[in-house]
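Asks: Okay, structure incoming, though there's no sequence with it:
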């Protein structure tokens with residue numbers, strides 16, 4: 001039981017406690033004073049770093065029990081480590097003002113909108129969807145609100161100061177990123193490396209468990225009826241069977257446990273590629289390069305490079321990175337065409353799994 005819930009959250013959240021605590025045996029068998037001390041300790045534990053050396057030394061045995069060591073850094077080093085935790089917004093503001101091209105955020109927002117429109121176009125053409133399901137899908141993707149990069153106010157020192165006066169309504173998280181300026185990158189590279197990730201997260205809203213929700217978080221499947229549920233599962237089974245055939249380091253990939261992430265990976269690159277094609281047709285701009293790499297080849301190379309990893313075994317819910325690349329691109333005719341893979345080659349299997357129509 002304790003491995004499946006956040007115990008501290010359960011103990012400190014009134015509504016959560018009502019549903020969980022009465023069913024925990026140890027709660028019934030532990031006296032109230034011990035439970036009280038447990039909760040209080042978790043509330044003050046993170047404050048020990050601010051106490052004097054006497055208290056720090058007294059805390060050392062506790063750290064050893066938890067297989068941790070005391071931080072023997074000098075005071076100034078400790079303070080430096082605390083800055084990201086306590087001054088996240090000002091630190092991020094400084095980083096963004098001096099290291100990020102504001103035009104990059106606009107480029108990614110435009111890319112996200114193009115990918116969103118690509119999903120809508122695909123929904124309208126999907127043969128296995130009826131009109132109700134198509135409309136549910138279109139409404140759902142249209143209602144998505146993209147929060148990309150950072151909120152605009154963070155570039156204004158005056159607005160950042162307001163954050164510490166309690167006047168800001170929303171705090172961003174994980175807003176710093178370290179990428180070369182996108183203005184120096186070809187559009188195929190951007191759609192392959194970044195567009196596929198945006199598309200990946202859009203796709204997740206149509207997989208389990210998010211597929212149980214329609215627009216605005218309404219708890220109702222976006223699929224219209226049981227027959228569509230069966231069609232949906234049949235499409236999923238193709239990916240289940242594909243990834244179950246993969247092995248790495250004498251370990252078989254779990255095609256069932258990884259199915260949602262595998263579908264999102266495949267949908268992500270597929271929709272990003274279609275979006276690139278739409279952009280190409282819309283602007284009627286020909287791709288030019290000083291190398292012998294075609295635009296489609298660059299797209300796939302960027303996709304693979306963005307997922308480069310030394311990890312050989314990745315536990316569910318995702319597949320090992322090798323198959324998050326090779327398993328995905330082998331489902332795309334555009335890949336086999338771009339690199340002249342013969343039919344029946346490992347990267348161009350006769351049977352290809354697909355989720356969306358174009």
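Replies: Okay, I see it. Keep in mind the model is a prediction, meaning the values are calculated, not measured.

Asks: now stretch 188-207, how far from the centre of its chain.
Replies: 9 Å (C-alpha atoms, centre = their mean, to the nearest Å).

Asks: Endpoints of it, how far apart?
Replies: End-to-end distance of stretch 188-207 (C-alpha to C-alpha, to the nearest Å): 27 Å.

Asks: Just the buried residues of it, please?
Replies: Buried residues in stretch 188-207, counting neighbours by 16 or more other C-beta atoms under 10 Å, are found at 188-200, 202-207. No exception for glycine: its C-beta is placed from N, CA and C like everyone else's.

Asks: So which of these sit within helices?
Replies: Taking DSSP state H, the ones among the buried residues of stretch 188-207 that sit in helices are 188-190, 196-200, 202-204.

Asks: in terms of contact, does residue 337 touch residue 296 like I think?
Replies: Yes: Residue 337 is in contact with residue 296 according to C-beta atoms under 8 Å; the separation is 7.5 Å.

Asks: more crowded one of these two?
Replies: For residue 337 versus residue 296, neighbours defined as other C-beta atoms under 10 Å are more numerous around residue 296 (20 against 12).

Asks: got the contact list for that one?
Replies: 188, 273, 334-335, 337-338 (C-beta atoms under 8 Å, 6 or more residues apart in numbering).

Asks: Then residue 323?
Replies: By C-beta under 8 Å, 6+ apart, the residues touching residue 323 are 243, 246, 248, 253.

Asks: residue farthest from the centroid of this protein?
Replies: What lies farthest from the middle of the chain is residue 54; by C-alpha atoms, centre = their mean that is 43.0 Å.

Asks: List the buried residues for the helix or strand harbouring that one?
Replies: Here residue 54 sits within helix 53-65, counting by DSSP states H and E. Neighbour-count burial for helix 53-65, counted by 16+ other C-beta under 10 Å, picks out residue 56.

Asks: I'd like the average pLDDT over it.
Replies: For helix 53-65, mean pLDDT rounds to 76.

Asks: What is the subsequent helix or strand relative to it?
Replies: Using DSSP H and E, the helix or strand that follows helix 53-65 towards the C-terminus is helix 75-86.

Asks: Centre of the chain to that next one, how far?
Replies: Distance, stretch centre to chain centre, for helix 75-86: 28 Å (C-alpha atoms, centre = their mean).

Asks: who does the helix or strand following that helix touch, helix- and strand-wise?
Replies: Sequence order places helix 88-99 as the next helix or strand after helix 75-86, per DSSP H and E. Under the contact criterion of 3 or more C-beta pairs under 8 Å, 6 or more residues apart in numbering; DSSP states H and E, helix 88-99 touches helix 157-163.

Asks: just checking, what packs against the helix it packs on?
Replies: Judged by 3+ C-beta pairs under 8 Å, 6+ apart, helix 157-163 is in contact with helix 88-99.

Asks: And the helix it packs on, what's buried?
Replies: Within helix 88-99, the residues that count as buried by 16+ other C-beta under 10 Å are 88-90, 92-93, 95-96.

Asks: Against residue 64, how distant is residue 57?
Replies: As judged by C-beta to C-beta, to the nearest Å, residue 57 and residue 64 stand 12 Å apart.

Asks: who's in contact with the residue nearest the centre of the chain?
Replies: For the chain, the residue nearest the mean C-alpha position is residue 201 (5.8 Å; C-alpha atoms, centre = their mean). Residues in contact with residue 201 (C-beta under 8 Å, 6+ apart) are 264, 268.

Asks: Residue 262 now?
Replies: By C-beta under 8 Å, 6+ apart, the residues touching residue 262 are 239, 242-243, 255, 319, 327.

Asks: nearest to residue 351, of those residues?
Replies: The nearest member of the contacts of residue 262 to residue 351, counting by C-beta to C-beta, is residue 242 at 8.1 Å.
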